[in-house]
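A.B. asks: dropping the sequence and predicted coords here.
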Amino acid sequence: MPKATWNGVTIAESNNCVVIEGNQYFPREAVKQEYLQESSSHTTCPWKGLASYYSLEVDGQVNKDAAWYYPEPKDAAKQIKDYIAFWHGVKVEV
């Protein structure tokens, strides 16, 4: 089962991930919301759309913009609506 961990804590775990461009996108309900902090950061992907970010906070440590999601993905990426992916040192095991 895919699992995302950072700073010794499991952030997300699910058998219902979607893989795009080598990234595991976890269903929102599989992500422990207490570790997510809204970020004002955004990037744009030509085929997925506008990405929004979360920073992670675990035991007082913050990993800025370590999670991203597409609130309104383009049609080509509609399968990742309500899914969250991780990077910036977050370990994702399959």
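C.D. replies: Perfect, thanks for sending it. Residues are numbered from 1 along each chain as shown.
A.B. asks: pLDDT weak spots in this structure?
C.D. replies: Applying pLDDT under 70 to the chain flags no residue at all.
A.B. asks: strands along that one, start to end?
C.D. replies: 3-6, 9-13, 18-20, 23-27, 36-45, 49-58, 61-69, 83-86, 91-93 (DSSP state E).
A.B. asks: quick one: strands adjacent to the fourth one?
C.D. replies: What that stands for is strand 23-27. strand 18-20 (antiparallel), strand 83-86 (antiparallel) (DSSP bridges).
A.B. asks: what residues does stretch 78-89 touch?
C.D. replies: Applying C-beta atoms under 8 Å, 6 or more residues apart in numbering, the set of residues contacting stretch 78-89 from outside is 4, 6, 11-12, 17-18, 20, 23-28, 31, 48, 54, 63-73, 92. The C-beta positions use only the backbone N, C-alpha and C, and glycine is treated the same way.
A.B. asks: again, but for stretch 28-45
C.D. replies: 4, 9-14, 16, 50-58, 62, 64-65, 67-70, 77, 82-84.
A.B. asks: quick check: phi and psi at G22.
C.D. replies: The phi/psi pair for G22 (degrees, to the nearest 10) reads phi 80, psi 0.
A.B. asks: one step back: which of the contacts of stretch 78-89 count as buried?
C.D. replies: 4, 6, 11-12, 17-18, 20, 23-27, 31, 48, 54, 63, 65-70, 73, 92 (16 or more other C-beta atoms under 10 Å).
A.B. asks: if I look at the nearest residue to T5 once chain neighbours are set aside, how far off is P71?
C.D. replies: In space, and not counting its chain neighbours, T5 is closest to K91: 5.0 Å by C-beta to C-beta, 6 or more residues apart in numbering. Remark: distance between K91 and P71 (C-beta to C-beta, to the nearest Å) = 25 Å.
A.B. asks: now F86
C.D. replies: From F86 to P71 the distance is 17 Å (C-beta to C-beta).
A.B. asks: now for N63: which residues touch it?
C.D. replies: Counted by C-beta under 8 Å, 6+ apart, N63 has contacts W6, N7, S55, L56, E57, H88, G89, V90.
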